[in-house]
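Participant: my questions concern the predicted model and sequence given below.
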Amino acid sequence: MTRDPKLMAALSYSVGIASAIIILAIEKKDAFVRFHAVQSVLVFSAIALMSLLLPTIPILGNWTAVRVLFVLGVVGLWGFLMFKAVRGEAYRLPYLGDLAANLSSPGQ
């Protein structure tokens, strides 16, 4: 069965960490797909950590507004990364993209 790398890369973002881990387990050779899957794990892990830490910062004020902005930002980022993957672009997010490229490269 032939797998479309662009579709596999986009699917690695579809359900966050869970889909990325499944894609990593399935795809062992395609560097493009593995890059997006590793970046997805890193991005959604950072998002999970931030969602746990944000409520503990008292200076943020109106937590409801911050939460809405945070969720809108996450949804926007999710859509952007899926769009880039479907277009065949190995878009690197600042910091996490470089780390993902290093972790997904052969020999790691």
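Facilitator: Ah, there it is.
Participant: element containing Gly73, please.
Facilitator: Secondary structure here is read from DSSP states H and E; on that basis Gly73 sits in helix 63-86.
Participant: all the helices of this structure, in order from the start?
Facilitator: When secondary structure is read from DSSP state H, the chain shows helices at 5-14, 17-26, 31-53, 63-86, 96-104.
Participant: so can I have a markdown table of the ones you listed showing mean pLDDT and mean neighbour count?
Facilitator: All C-beta atoms are positioned from the backbone trio N, CA, C, and that covers glycine. Converted to a markdown table, the helices of the chain look like this (pLDDT from 0 to 100; neighbours: other CB atoms under 10 Å):
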| stretch | mean pLDDT | mean neighbour count |
| --- | --- | --- |
| helix 5-14 | 94 | 21 |
| helix 17-26 | 94 | 17 |
| helix 31-53 | 94 | 19 |
| helix 63-86 | 92 | 14 |
| helix 96-104 | 91 | 16 |
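Participant: may I have stretch 28-46 exported as PDB, CA atoms only?
Facilitator: The C-alpha trace of stretch 28-46 is given here as PDB (Å, rounded to 0.1, in the frame of the first residue of the first chain):
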ATOM      1  CA  LYS A  28      10.200   4.500   9.700                       C
ATOM      2  CA  LYS A  29      11.800   5.900   6.600                       C
ATOM      3  CA  ASP A  30      10.200   9.100   5.200                       C
ATOM      4  CA  ALA A  31      12.100  12.000   6.700                       C
ATOM      5  CA  PHE A  32       9.400  14.500   5.800                       C
ATOM      6  CA  VAL A  33       6.700  12.600   7.600                       C
ATOM      7  CA  ARG A  34       8.800  11.800  10.600                       C
ATOM      8  CA  PHE A  35       9.800  15.500  10.900                       C
ATOM      9  CA  HIS A  36       6.200  16.600  11.000                       C
ATOM     10  CA  ALA A  37       5.300  13.800  13.500                       C
ATOM     11  CA  VAL A  38       8.100  14.800  15.900                       C
ATOM     12  CA  GLN A  39       7.300  18.400  15.600                       C
ATOM     13  CA  SER A  40       3.700  17.600  16.400                       C
ATOM     14  CA  VAL A  41       4.700  15.700  19.500                       C
ATOM     15  CA  LEU A  42       6.900  18.700  20.600                       C
ATOM     16  CA  VAL A  43       4.300  21.300  19.800                       C
ATOM     17  CA  PHE A  44       1.400  19.600  21.500                       C
ATOM     18  CA  SER A  45       3.500  18.700  24.500                       C
ATOM     19  CA  ALA A  46       4.400  22.400  24.900                       C
END
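Participant: thanks a lot, see you next time.
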